[in-house]
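Chemist: what's the 3D shape of this:
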Amino acid sequence: MHDSPLNNVNPHYLNRVVELSATRHIEASEDVYNAVGMKLIAKGARISAEMQERLLRHKLKKPLESSLAVEDGVHSALLLDLAERVINSDVKVQPILLIGNHAVEARAILGSLPLSGPVSMLLTLLQKGGENELLHAVEGAMVGLVLGLQAGVPRANLPALAAGALLHDIGELYINPEYLRSGASLKPHEWRHVASHPLVGRMLVDELGQFPPLAGQIVLEHHERLDGSGYPRRIAGDQLSLEGLIVGVADTICAVFRHYGKPLARAEIAMRIVPGQFPLRVTQIVNLALRNAKPATLEGADLPSAESMAESMHQLLRRLAQVLIRLDEAEDDDRVQQFKAALLMAQRAAERVRLIQLAFSSTGLDSLPHGEHLQWLQQVDRDLLFEVIVAIEEIAWRLRELGRDLQLRSEDLPEDVRSVFVPLIDALHSAHG
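Modeler: Numbering: from 1, shown residues only. Now for the predicted structure:
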């Protein structure tokens, strides 16, 4: 028996398979056996809702994912078509794709990926998950490949970069959809579940065996950061692959592309607001794309009012002050002082808050204390107002990221020590909204 955590059928993945089976023919590409050798599904049998309970009751001899095929699933020609659509019609990413004239080669690399039945099945589930989910995955892969080509990634690694970028969020198929809703407020155990998706994604990519090991490593690392502030393993520096960090940059860029106005400028601000998270040679490519781009306009963009922005700015300043108070209390607490792991956690949190403070000051936010200044900006310099908006949102998001990180880390501490961090974690979360 090939033992893997994936031998236990994930209910969220299976729900998605069953939902897809209502509109697509999905069948077993081989006999499916449970752990003790009992045949559960015969080769060629159509997957249906009636099989769901039986599959969930058993541990399988090998992961279900490797034994399913979908009729008319995602294929290489569709990836090529979507990549062409990104190149020709997605004006948001044009400045990136024009760097080095790498877009055509990136499309060819993406289209040459081997798509076995199980890989096609996963991509088809991704396509079913939302109108543009597969397009966003292709967009991210194209951006990642262009950045990789410009950054000098070895050519032998480019197929793995393409596969890792395309499949980087495939682990989200195994997450409770309620946790993935935009704006969802997650409890610690729920966030731990979401934060596991790079681990699950790597297991999937490695299990399917269609791509080099680097592809799975990229999937695992796409939320890690150069300074160690990422997840799930919180590793840093030379422990991370350049390719994994590049996909992290591509993921960041494509995420902010979905917001209003000047998406590339927004991405550049997001990457520099707290420096040291991404390789300089990669962020410099984004900066070059920004300089070469035609000036974007904010005309017609539905920016928040000056009064709303003034309130957001002052609220963030108040919350940041509250975080500093709670952080000092945690660092000075005898229980933390006497427990090495807790003291190290508090010290690392202090360093990250210090960087966020510096980001706040470097934006000049603390030099605009009155709403009338923002009103003036709204009338005279909408570009600068846009930078203020993005800076506020990014700093608040970084505080929330730190709160989630402390939630996960504190779960390993004794109860009495963990309780010391609760007020700090609450303050970090409230800074976001």
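
Chemist: And Ala250, which helix or strand is it part of?
Modeler: Assigned by DSSP states H and E, Ala250 belongs to helix 242-256.

Chemist: leaving aside the residues next to it on the chain, what's closest to Gly201?
Modeler: Excluding the flanking residues, the one nearest Gly201 by Cβ to Cβ, 6 or more residues apart in numbering is Gly171, at 3.3 Å. (C-beta placed from N, C-alpha, C; glycine too.)

Chemist: which residues in this structure form strands?
Modeler: 26-28, 32-33, 39-41, 68-70 (DSSP state E).

Chemist: And for Gly237, nearest residue in space, chain neighbours not counted?
Modeler: Among residues not flanking Gly237 along the chain, Leu226 sits closest, at 6.5 Å (Cβ to Cβ, 6+ apart).

Chemist: Who are the contact partners of that neighbour?
Modeler: Ala236, Gly237, Leu240, Leu245, Gly276, Gln277, Phe278, Pro279 (Cβ atoms under 8 Å, 6 or more residues apart in numbering).

Chemist: Tell me the one among the residues you listed nearest to Glu394.
Modeler: Distance to Glu394, by Cβ to Cβ, is smallest for Gln277 among the contacts of Leu226, at 11.3 Å.

Chemist: Would you check how far apart that closest one and Val336 are?
Modeler: 26 Å (Cβ to Cβ, to the nearest Å).

Chemist: same for the helix holding Ala250, what does it pack against?
Modeler: With contacts defined as 3 or more Cβ pairs under 8 Å, 6 or more residues apart in numbering; DSSP states H and E, helix 242-256 has these neighbours: helix 133-151, helix 158-166, helix 213-221, helix 263-272, helix 280-292.

Chemist: angle of that helix against helix 158-166?
Modeler: Here the directions of helix 242-256 and helix 158-166 differ by 40 degrees (axes from the mean of the first three to the mean of the last three Cα atoms, to 10 degrees).

Chemist: Pull out the buried positions in helix 242-256.
Modeler: For helix 242-256, the buried set under the neighbour-count rule, 16 or more other Cβ atoms under 10 Å, comprises 242-254, 256.

Chemist: ok, back up a step: cross-check the contact I'm expecting between the residue nearest to Gly201 and Val194.
Modeler: No. Gly171 lies out of contact with Val194 (Cβ atoms under 8 Å); the separation is 9.6 Å.

Chemist: Neighbour count for those two, which is higher?
Modeler: Gly171 (23 against 17; other Cβ atoms under 10 Å).

Chemist: can you pull the contacts of the more buried one?
Modeler: By Cβ under 8 Å, 6+ apart, the contact list for Gly171 reads Ser196, His197, Pro198, Leu199, Val200, Gly201, Arg202, Leu204, Val219.

Chemist: swap in Arg225?
Modeler: Listed by Cβ under 8 Å, 6+ apart, the contact set of Arg225 reads Ala236, Leu245, Gly248, Gln277, Phe278.

Chemist: pretty sure the first one contacts Gly228?
Modeler: To tie it back to what came earlier, the one meant is Ala236. Yes. With contact defined as Cβ under 8 Å, Ala236 counts as touching Gly228 (3.3 Å).

Chemist: How much space separates the residue lying closest to Ser48 once chain neighbours are set aside from Ala330?
Modeler: Nearest non-adjacent residue to Ser48, counting by Cβ to Cβ, 6+ apart: Ser21, 5.9 Å away. Look at Ser21 and Ala330: by Cβ to Cβ, they are 50 Å apart.

Chemist: All the helices of the stretch 51-200 of the chain, in order from the start?
Modeler: Under the criterion DSSP state H, counting those that start in this stretch, helices of the stretch 51-200 of the chain are mapped to 52-57, 76-89, 94-97, 103-111, 117-128, 133-151, 158-166, 188-195, 197-208.

Chemist: Could you list the low-pLDDT ranges of the stretch 101-250 of the chain?
Modeler: The stretch 101-250 of the chain contains residues with pLDDT under 70 at 129-131, 182-185.

Chemist: repeat that with 80
Modeler: 129-131, 181-189 (pLDDT under 80).

Chemist: For Ala346, grab the count of nearby residues.
Modeler: 24.

Chemist: residues contacting it?
Modeler: Listed by Cβ under 8 Å, 6+ apart, the contact set of Ala346 reads Leu327, Ala330, Glu331, Val336, Phe421.

Chemist: Repeat the analysis, applying 10 Å as the threshold.
Modeler: Ala346 makes contact with 327-333, 336-337, 339, 406, 420-421, 424, according to Cβ atoms under 10 Å, 6 or more residues apart in numbering.

Chemist: From those, which land in helices?
Modeler: Within the contacts of Ala346, residues falling in helices by DSSP state H are Leu327, Asp328, Glu329, Ala330, Glu331, Asp332, Val336, Gln337, Leu406, Val420, Phe421, Leu424.

Chemist: Isn't Leu122 up against Pro63?
Modeler: No. Taking contacts as Cβ atoms under 10 Å, Leu122 lies outside contact range of Pro63: 11.6 Å.

Chemist: which residues do these two both contact?
Modeler: Residues touching both Leu122 and Pro63 (Cβ under 10 Å, 6+ apart): Tyr13, Leu204, Leu208.
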